[in-house]
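J.: got a predicted structure here, sequence first:
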Amino acid sequence: MALLDLPPAPTVRLHPVANGRNEWVALGMDLGANGVPEAVQALFGAPDLLAAIAPLDCVLLLADPGQLTPKLLALLPPNRVVLAFAAAALAQEGTAQQFSSLIDGGYRLMLDGPLPPGVARPANLRAVSMDCREGAPPAASLLALFGPHLARGVDSAARLLECERAGFTWFCGDYPLAMGAGGHGQDGTSRRRLLALLALLVTDADSRDIELLLKQDPALSYHLLKLVNSAAFAVNTPITGYAQAIALLGRRQLQRWLQLLLYARSSTDGLPNLLLPLAALRAAQLELLCKRDGGERDEQDLAFMTGAFSLLDRLLGMPMAEILADLCLPEHLCAALLRREGVLGQRLLLAEEAPDAAALARAGVDAGTWWDSQLHAHHWAIQVGRNV
């Protein structure tokens, strides 16, 4: 890596982009206050980023095409990078021609935000990106434009519906958190089964006890068998029984996967639960940060569990304190989940938010480690989403 003479990693957060079928299709990246040449060189100058997020695309938000020199464009493969430029750039002379040149070079372009007054939309620029925090365009207003169209800042189920009606097909925001348990059929019986399984997992219960509980939960059983028969495990003969699945995974991996499979229930409309890749993302990132801190294997397992359990209140529609009451978790893990206290709580806050350089410094995490943890976590979450 040093041989590439890359600039230091900037503080950039990756934002999952999902389609209407609740599948991740891309990761959005806003370079923000980072200098574009330096940031693009640092992030795309090595193969790590696009390799880690494969097969997803990267949507790169930029102010204007003049920021991308031929040298930088050479780092951005058109088949993997979508360029979303501020529509306001069309007020500058020559911008439309620059856009056409990029399209001729094979790039997919989006216009982000409103067009400047008196400026018409170029005929070859039909894909739209828009910050929808304050509202979505009128229903069906984007249907005549060739997409895909990206709605950013979608932070509620109601806003998601508005954006879908407007014609957006890609969505980015906190709406998976806001949708909670309401769309995933968590009745009292299924909650009790999940809580019972959680109790078994955290107490290192006998495999037979776990197997008995799995038999009572068809949805969880289905996802476990689907997982062990996926390409990730490359088994020679189909795994059809719980004992086989448990033997293949081993106790440690079984516990980890079941922590994530808790989120694998489909919603009432049959769509996958977007909390699953988010839980996997947090779990993997906290685990790697713990490892970088010198944590032992058991400490890494607890860090993974902290991330995996951090969305249980959203999944079950219950206060976190009630969920943890019967689980007998270590006190520092409970403090992290309930109050974001301690090292685990601090790391969890970082994973939940978009920390700047100052926040990372306060947490004792350098920008390079943070970037590596994001790549590792997104790679893991993408694989989880594809195999479960």
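T.: All right, it came through fine.
J.: doesn't residue 36 make contact with residue 76?
T.: No - contact between residue 76 and residue 36 fails when scored by C-beta atoms under 8 Å: they sit 11.6 Å apart. C-beta here means a position set from N, CA and C on the backbone, and glycine is covered the same way.
J.: what is in contact with those two at once?
T.: When contacts are counted by C-beta atoms under 8 Å, 6 or more residues apart in numbering, residue 76 and residue 36 are jointly contacted by residue 68.
J.: pull the contacting residues for residue 53.
T.: 14, 27, 375, 378-379, 382.
J.: in strands, which of those fall?
T.: Secondary structure assignment by DSSP state E places 14, 27 of the contacts of residue 53 in strands.
J.: export the contacts of residue 53 to JSON lines and append columns for distance to residue 296 and neighbour count.
T.: JSON lines is the format used below for the contacts of residue 53 (distance: C-beta to C-beta, whole Å; neighbours: other C-beta atoms under 10 Å):
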{"residue": "14", "distance to residue 296": "29", "neighbour count": "23"}
{"residue": "27", "distance to residue 296": "32", "neighbour count": "22"}
{"residue": "375", "distance to residue 296": "24", "neighbour count": "19"}
{"residue": "378", "distance to residue 296": "25", "neighbour count": "23"}
{"residue": "379", "distance to residue 296": "24", "neighbour count": "17"}
{"residue": "382", "distance to residue 296": "28", "neighbour count": "21"}
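J.: ok, residue 99 touching residue 109?
T.: Yes - in this structure, residue 99 is within contact of residue 109 by C-beta under 8 Å, at 6.0 Å.
J.: shared neighbours, the two?
T.: Taking C-beta under 8 Å, 6+ apart as the criterion, residue 99 and residue 109 both touch 85, 125.
J.: tell me what the helix or strand containing residue 226 is packed against?
T.: Using DSSP states H and E, residue 226 sits within helix 218-228. Applying 3 or more C-beta pairs under 8 Å, 6 or more residues apart in numbering; DSSP states H and E, we find helix 218-228 packed against helix 207-215, helix 242-261.
J.: I'd like to know which of those is closest to residue 41.
T.: Proximity to residue 41 (C-beta to C-beta) singles out helix 242-261 among the helices and strands packed on helix 218-228, at 35.1 Å.
J.: next secondary structure after the closest one?
T.: Following helix 242-261 in sequence, per DSSP H and E, is helix 275-292.
J.: name the residues of that next one that come out as buried.
T.: Buried residues in helix 275-292, counted by 16 or more other C-beta atoms under 10 Å: 275-291.
J.: likewise for stretch 326-346?
T.: Residues 327, 329, 333-334, 336-337, 340-346 are the ones in stretch 326-346 that count as buried (16+ other C-beta under 10 Å).
J.: first-to-last residue distance for it?
T.: In stretch 326-346, first residue to last residue: 24 Å (C-alpha to C-alpha, to the nearest Å).
J.: just the ones of the buried residues of stretch 326-346 in helices?
T.: The helices in this structure, assigned by DSSP state H, contain 333-334, 336-337, 342-346 from the buried residues of stretch 326-346.
J.: farthest-separated two in those residues?
T.: Greatest spacing in these, by C-beta to C-beta: 334 and 346 (15.0 Å).
J.: quick one, strands of the chain?
T.: For the chain, the strands defined by DSSP E cover 14-19, 24-30, 57-62, 81-86, 108-112, 128-131, 150-152, 170-171.
J.: roughly how far is the longest one from the heart of the chain?
T.: If you compare the mean C-alpha spot of strand 24-30 with that of the full chain, they lie 8 Å apart, counting by C-alpha atoms, centre = their mean, to the nearest Å.
J.: angle of it against strand 81-86?
T.: In this structure, strand 24-30 runs at an angle of 50 degrees to strand 81-86, with axes from the mean of the first three to the mean of the last three C-alpha atoms, to 10 degrees as the basis.
J.: and strand 24-30, what other elements does it pack with?
T.: strand 14-19, strand 57-62, helix 367-387.
J.: next one: the third one
T.: Contacts defined by 3+ C-beta pairs under 8 Å, 6+ apart place strand 57-62 against strand 24-30, strand 81-86.
J.: any weak-confidence spans in the stretch 251-388 of the chain?
T.: Residues of the stretch 251-388 of the chain meeting the criterion pLDDT under 70: 265-269.
J.: just to revisit the earlier point, export the contacts of residue 53 to a markdown table and tack on distance to residue 231?
T.: Below are the contacts of residue 53 laid out as a markdown table (distance: C-beta to C-beta, whole Å):
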| residue | distance to residue 231 |
| --- | --- |
| 14 | 24 |
| 27 | 22 |
| 375 | 21 |
| 378 | 19 |
| 379 | 15 |
| 382 | 13 |
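J.: quick check, nearest of the contacts of residue 53 to residue 221?
T.: Nearest to residue 221 among the contacts of residue 53, with distances taken as C-beta to C-beta, is residue 382, at 24.3 Å.
J.: circling back: out of the helices and strands packed on strand 57-62, deepest packed?
T.: strand 81-86 (a mean of 23; mean count of other C-beta atoms under 10 Å).
J.: what angle sits between the helix holding residue 226 and helix 275-292?
T.: 60 degrees.
J.: give me the buried positions along helix 218-228.
T.: So for helix 218-228, counting by 16+ other C-beta under 10 Å, buried means 220-221, 223-225, 227-228.
J.: stretch 353-367 too?
T.: 355, 359-360, 363, 365, 367.
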